[in-house]
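Asks: just coords:
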């Protein structure tokens, strides 16, 4: 097959291109690592400081019961230290167990013993959760000591549910972003450079159809991209506890459709831009808003509704959503037809635009 | 050279861009085995003429035969038979000269020995270097090597020595002459009259889209002298380039 050396040549070119690896692998890994370390999921826990001024059998038991609650992150120390921390915002709540607490006081006293709970006004969400949890522990603890039998027994059953972590959210978004970057900036810059430097012209004095050559370049890049995306996903699974549930073949189909959309946009940019610098700026101008607004890094429901409506129709919005539905939610292709149909329309529109503006010279 | 066998025949060639006539009805022949030069100031139509013969552009009017084939309907076959060095000598990044030659050979569905071709332009020791690390003269020589992968009958060189220092230029002339001696017909454009005198068996002088003279360099000079031309300055037996080469040597600097 005469195409083999051409594919081999394109492969070598990209394998040896450090910039391509940097953009294709290093940057996505870096982004994943940063967001992985930030660990947005931990925000759901409540930071509770406990100053135990009683320090007797009862108070120690109470602290132990609180420690059993998973959602509470407990720090024990003296009041002064903890008070300073809550004022700095390092704690959400501060529970002060008074010295009056002891077995005798509890069993004899008919009035409830006051326990101070200082809360951080700024962290209303954590405070709300924390107060509920602490209240629950205190009630149960009190009933235990007074030996009142509980009225209800909560029968807990574990369900094998899929818990979406932030990593689960972001990795499909990163894969979508990689596809977009390869398609638009990757392709546009290569074509403009080859045209600008006279390589396309040089190819045209050989019997090879230059379209065959561009096809081999694009196809090899696409293959490498898939390999890079695979590595990113693998790294997510191994290092960041990423949960992949979906069908890999469907993922591949969606990635391919997304590639067609962005490749045609890249070809269109290469036709409009006449220098490498213009091509780069144009590509960034198209990519940047999509990178942040298409729900790749942040869920779009965090945006005001007018912005959501505005970004509803961006190709990366559809692609990131489709990838996420398939990889994480185990959707079928039919389930995501509301993404696939607009993506196909984008691909057709992009192709027509590219065909209109593309030029060899 | 064989005066009875023309490998290129151009008859009444016309080409306009936006109503400006770049080439305005030119006709000429290139004979088998000769080095044919097309001279002329910038914008004279040299490159356009060359590009039409190389099948890169379509003529508006005229008949052009290359190696017995019409450029209008046999461009693919013509591409198999010609080698072209364009003005830009950029090649793909991240591939060695050896790999680049193999890649270009594959465009012709041919297998070649890259070292054999690199030897023709004296670049065997650079076989594993990348094109972007070559000096200006080496790049030009490599462009010629890349144009030789399909064993062409005709080699087109567009301003092959522009921007080179005198040593590199003399060296490139050697390379071109050697290819011609091996039987390849060469068509080149140049701004340097000295280069035309040194290399070309015949030259065509173009201006404003027309060929205004075509002959051997010697005949052209003779005609001018016969018409009573005299140089204001007495011709010396050496010129400044001779001085420069005498002082700096003919050794290549790369």
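Replies: Sure thing, it's come through. The shown structure was predicted, so the numbers you read here are calculated from the model rather than taken from an experiment.
Asks: sec struct for the residue of the stretch 251-361 of chain A found nearest chain B, please.
Replies: The stretch 251-361 of chain A approaches chain B most closely through residue A:361 (9.0 Å), counting by CB to the nearest CB. Every residue, glycine included, has its C-beta placed from N, CA and C. Here residue A:361 is recorded as coil under DSSP: H, G, I helix; E, B strand; the rest coil.
Asks: stretch A:319-326 - what's its average pLDDT?
Replies: Average pLDDT, stretch A:319-326: 93.
Asks: so what would you say the end-to-end distance of stretch A:143-150 is?
Replies: End-to-end distance for stretch A:143-150: 8 Å, by CA to CA, to the nearest Å.
Asks: again, but for stretch A:302-318
Replies: Stretch A:302-318: ends 17 Å apart by CA to CA.
Asks: starting at the chain centroid, how far to it?
Replies: 17 Å (CA atoms, centre = their mean, to the nearest Å).
Asks: name the residues of it that are buried.
Replies: A:303, A:311, A:314, A:315, A:316, A:317, A:318 (16 or more other CB atoms under 10 Å in any protein chain shown).
Asks: for those residues, give me TSV that also has distance to residue B:67 and secondary structure.
Replies: What follows is the buried residues of stretch A:302-318, written out as TSV (distance: CB to CB, whole Å; DSSP: H, G, I helix; E, B strand; the rest coil):
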residue	distance to residue B:67	secondary structure
A:303	65	coil
A:311	59	helix
A:314	54	coil
A:315	49	helix
A:316	52	helix
A:317	56	helix
A:318	54	helix
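Asks: so residue B:66 versus residue B:152, what's the distance?
Replies: Using CB to CB, to the nearest Å, residue B:66 is found at 11 Å from residue B:152.
Asks: what sits up against stretch B:195-204?
Replies: Applying CB atoms under 8 Å, 6 or more residues apart in numbering or on different chains, the contact partners of stretch B:195-204 are B:1, B:28, B:31, B:34-39, B:161, B:169, B:173, B:176-177, B:186, B:188, B:190, B:211, B:213-217, B:220.
Asks: among those, which ones are buried?
Replies: B:28, B:31, B:34-39, B:161, B:169, B:173, B:176, B:186, B:188, B:190, B:211, B:214, B:217, B:220.
Asks: which ones among those residues lie within strands?
Replies: Counting by DSSP state E, the part of those found in strands is B:28, B:31, B:35, B:36, B:37, B:38, B:39, B:186, B:188, B:190, B:211, B:214.
Asks: for the helix or strand bottoming out on mean pLDDT in chain A, name the packing helices and strands.
Replies: Within chain A, no helix or strand scores below helix A:103-108, which has a mean of 74 by mean pLDDT, DSSP states H and E. Packing contacts for helix A:103-108, counted by 3 or more CB pairs under 8 Å, 6 or more residues apart in numbering or on different chains; DSSP states H and E, involve helix A:57-67, helix A:124-146.
Asks: which one of these lies closest to residue B:76?
Replies: Ranking the helices and strands packed on helix A:103-108 by proximity to residue B:76 (CB to CB) places helix A:124-146 first, at 71.0 Å.
Asks: for chain A, what is the nearest residue in the stretch 51-200 of chain B?
Replies: Here the stretch 51-200 of chain B gets closest to chain A at one residue, residue B:88, 3.3 Å apart by CB to the nearest CB.
Asks: can you tell me how far that residue is from residue A:359?
Replies: Distance from residue B:88 to residue A:359, by CB to CB: 17 Å.
Asks: what do you get for residue A:89?
Replies: The value you get for residue A:89 to residue A:359, if CB to CB is used, is 58 Å.
Asks: what of residue B:195?
Replies: 34 Å.
Asks: same check, this time on residue A:224
Replies: For residue A:224, the distance to residue A:359 - CB to CB - is 26 Å.
Asks: could you do residue A:122 as well?
Replies: 58 Å.
Asks: how about residue A:273?
Replies: Counting by CB to CB, the gap from residue A:273 to residue A:359 is 11 Å.
Asks: comparing the two, which residue is more hemmed in?
Replies: Taking other CB atoms under 10 Å in any protein chain shown, residue A:273 and residue A:359 do not tie; residue A:273 has more neighbours (22 against 11).
Asks: next, give phi and psi for the more buried one.
Replies: phi -80, psi 140 (degrees, to the nearest 10).
Asks: which parts of the stretch 1-150 of chain B sit against chain A?
Replies: Contacts of the stretch 1-150 of chain B with chain A, taken as CB under 8 Å from any CB of the partner chain, map to B:54-56, B:76, B:79-80, B:82, B:84, B:86-88, B:90-95, B:99, B:102-109, B:146, B:150.
Asks: looking at those, which are in helices?
Replies: B:76, B:79, B:80, B:99, B:102, B:103, B:104, B:105, B:106, B:107, B:146 (DSSP state H).
Asks: between those, identify the one with the most neighbours.
Replies: Counting neighbours by other CB under 10 Å, residue B:104 comes out on top of those with 27 neighbours.
Asks: now that residue: how far from residue A:49?
Replies: For residue B:104, the distance to residue A:49 - CB to CB - is 73 Å.
Asks: returning to that earlier point: what residues are shared contacts of residue B:66 and residue B:152?
Replies: Applying CB under 8 Å, 6+ apart, one finds that residue B:66 and residue B:152 are jointly contacted by B:81, B:82.
Asks: from residue B:122, how far out is the closest residue to residue B:131 other than its chain neighbours?
Replies: In this structure, residue B:131 finds its nearest non-sequential neighbour in residue B:91, 4.0 Å apart by CB to CB, 6 or more residues apart in numbering or on different chains. According to CB to CB, residue B:91 stands 18 Å off from residue B:122.
Asks: do the same with residue A:360
Replies: Counting by CB to CB, the gap from residue A:360 to residue B:122 is 33 Å.
Asks: just residue A:286 next, same as before
Replies: Here the criterion is CB to CB. By it, residue A:286 lies 47 Å from residue B:122.
Asks: burial of residue B:123, as a residue count?
Replies: With other CB under 10 Å as criterion, residue B:123 counts 22.
Asks: show me what contacts it?
Replies: B:97, B:138, B:141, B:142, B:145.
Asks: and the strand or helix carrying residue B:225 with strand B:210-215, angle?
Replies: Element membership of residue B:225 [criterion: DSSP states H and E] is helix B:217-226. Here helix B:217-226 runs at an angle of 100 degrees relative to strand B:210-215 (axes from the mean of the first three to the mean of the last three CA atoms, to 10 degrees).
Asks: for helix B:217-226, buried residues please.
Replies: Buried, per 16+ other CB under 10 Å, within helix B:217-226: B:217, B:220.
Asks: what residues does stretch A:277-288 touch?
Replies: The contact list for stretch A:277-288 (CB under 8 Å, 6+ apart) reads A:180-181, A:184-185, A:188-189, A:192, A:265-266, A:269-270, A:272-273.
Asks: ditto for stretch B:152-161
Replies: With CB under 8 Å, 6+ apart, stretch B:152-161 has contacts from B:7-8, B:30, B:47, B:50, B:53-54, B:66-67, B:81-87, B:140, B:143-144, B:147-148, B:168-169, B:172-173, B:176, B:179, B:184-192, B:195.
Asks: ChimeraX command to pick out the buried ones of the residues you listed?
Replies: The ChimeraX selection below is limited to those of the contacts of stretch B:152-161 classed as buried (16+ other CB under 10 Å):
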select /B:7,8,30,47,50,53,54,66,67,81,82,83,84,85,86,140,143,144,147,148,168,169,172,173,176,179,184,185,186,187,188,189,190,195
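Asks: now, the contacts of residue B:123 that are in helices?
Replies: Going by DSSP H, the helices hold B:97, B:138, B:141, B:142, B:145 from the contacts of residue B:123.
Asks: cool, thanks, talk later.
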